[in-house]
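Colleague: any chance you can model this:
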Amino acid sequence: MSQSALKARAITATMPSGRSRTYRLAIPLLAIAVAALLAGCAKRDSITVGAVPDDYRTTHPIVIAEKVQKIDLPVGAGDRGMTGSQRDTLLGFLDDYDKSAAPALTISIPRGSANEIAATAAGRDFAKLAIASGISRNRIIMTTYQSASAEASAPIRVAFVSVKAQTDGCGRWPEDLLETSENKHYADFGCSYQNNLAAQMANPADLIGPRKQSDIDAENRGEVIDVYRQRGISDEFLGNSEVEY
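Modeller: Residues are numbered from 1 along each chain as shown. The predicted structure is shown next:
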């Protein structure tokens, strides 16, 4: 037997049996713990650690749907027909009327109110103004509604249905922001931005797909090319150029 083997047997013989058994059990457990730590460092969940999983565009999506456009125009009991301020307000409201879609324009006149006679006369003037603005006569509906009080002056409601880009209403606060520690968007986050973006869409169909390309104006294009050829590079351009050759 070699000298090193004799030394190892001597050390084992002098070591208590309980301590040697403990060392033999501790080595595999230490190896397992080190392997688990290395595995945790090598694999990371990028969604949980590196990013916020929610999105305001998903929480408050912009949708295209029909929406009732309406305006209430006050009418005094002593008015005689449409006033100048009513005319300007109604013209601004009718600017959003889509003549190609040609929805029905409803003019609701109060009945049983203190201004019933004045409202009836103003309602007829509203219809004439709508026709003069390009709305077809057969798309205008004159109707009445019962006033809530016989002593009050009820307004005339003008309304039509149009296709609009819209999203849900803002102002939802289901929980206190100070009572949550999660790194997520709160319920109302991005709602006002989405509503503002939807309100700026002149043609909601642009959200669905691009429009057809318009025809090329060949005559105008030829004139632009001729001007470019005749002028060449002007001295003014060369003088103001930052590049020196």
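Colleague: now residue 56: phi and psi?
Modeller: Main-chain torsions, residue 56, degrees, to the nearest 10: phi -70, psi -30.
Colleague: quick one, what contacts the closest residue to it other than its chain neighbours?
Modeller: Once flanking residues are discounted, residue 56 sits nearest to residue 190: 2.6 Å by CB to CB, 6 or more residues apart in numbering. Where you see a C-beta, it was placed from the backbone N, CA and C, and this is true even at glycine. Residue 190 is in contact with 56-57, 59-60, counting by CB atoms under 8 Å, 6 or more residues apart in numbering.
Colleague: counting neighbours, which of those comes out on top?
Modeller: residue 60 (22 neighbours; other CB atoms under 10 Å).
Colleague: pull the contacting residues for it.
Modeller: Residue 60 neighbours (CB under 8 Å, 6+ apart): 167-168, 190-191, 194-195.
Colleague: where in this protein is pLDDT low?
Modeller: Low-confidence segments of the chain (pLDDT under 70): 1-53, 232-245.
Colleague: repeat that for 80
Modeller: 1-54, 177-184, 227-228, 231-245 (pLDDT under 80).
Colleague: do a quick rundown of the helices in it.
Modeller: 3-14, 17-42, 46-50, 56-59, 84-94, 116-132, 191-199, 218-231, 235-240 (DSSP state H).
Colleague: now do the fifth one against helix 116-132: the angle between them, please.
Modeller: Read that as helix 84-94. 50 degrees (axes from the mean of the first three to the mean of the last three CA atoms, to 10 degrees).
Colleague: which positions within helix 84-94 qualify as buried?
Modeller: For helix 84-94, the neighbour count (16 or more other CB atoms under 10 Å) marks 86, 90, 93-94 as buried.
Colleague: and that helix, what does it pack against?
Modeller: Counting contacts by 3 or more CB pairs under 8 Å, 6 or more residues apart in numbering; DSSP states H and E, helix 84-94 packs against strand 63-73, helix 116-132.
Colleague: just those: most buried one?
Modeller: helix 116-132 (a mean of 18; mean count of other CB atoms under 10 Å).
Colleague: ok, and what's touching that helix?
Modeller: 73, 75-83, 86-87, 90-91, 94, 105, 107, 109-110, 113, 137, 140, 142, 147, 154, 156, 158.
Colleague: alpha carbons of it, in PDB - could you do that?
Modeller: This file holds the C-alpha atoms of helix 116-132, laid out as PDB (Å, rounded to 0.1, in the frame of the first residue of the first chain):
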ATOM      1  CA  GLU A 116     -93.700  76.500 -28.100                       C
ATOM      2  CA  ILE A 117     -94.800  79.100 -30.700                       C
ATOM      3  CA  ALA A 118     -91.300  80.600 -31.000                       C
ATOM      4  CA  ALA A 119     -89.700  77.200 -31.100                       C
ATOM      5  CA  THR A 120     -92.000  76.100 -34.000                       C
ATOM      6  CA  ALA A 121     -91.000  79.100 -36.000                       C
ATOM      7  CA  ALA A 122     -87.300  78.700 -35.300                       C
ATOM      8  CA  GLY A 123     -87.500  75.000 -36.100                       C
ATOM      9  CA  ARG A 124     -88.800  75.800 -39.600                       C
ATOM     10  CA  ASP A 125     -86.000  78.300 -40.100                       C
ATOM     11  CA  PHE A 126     -83.500  75.600 -39.000                       C
ATOM     12  CA  ALA A 127     -84.800  73.200 -41.700                       C
ATOM     13  CA  LYS A 128     -84.500  75.900 -44.400                       C
ATOM     14  CA  LEU A 129     -80.900  76.600 -43.300                       C
ATOM     15  CA  ALA A 130     -80.100  72.900 -43.500                       C
ATOM     16  CA  ILE A 131     -81.500  72.700 -47.000                       C
ATOM     17  CA  ALA A 132     -79.500  75.700 -48.000                       C
END
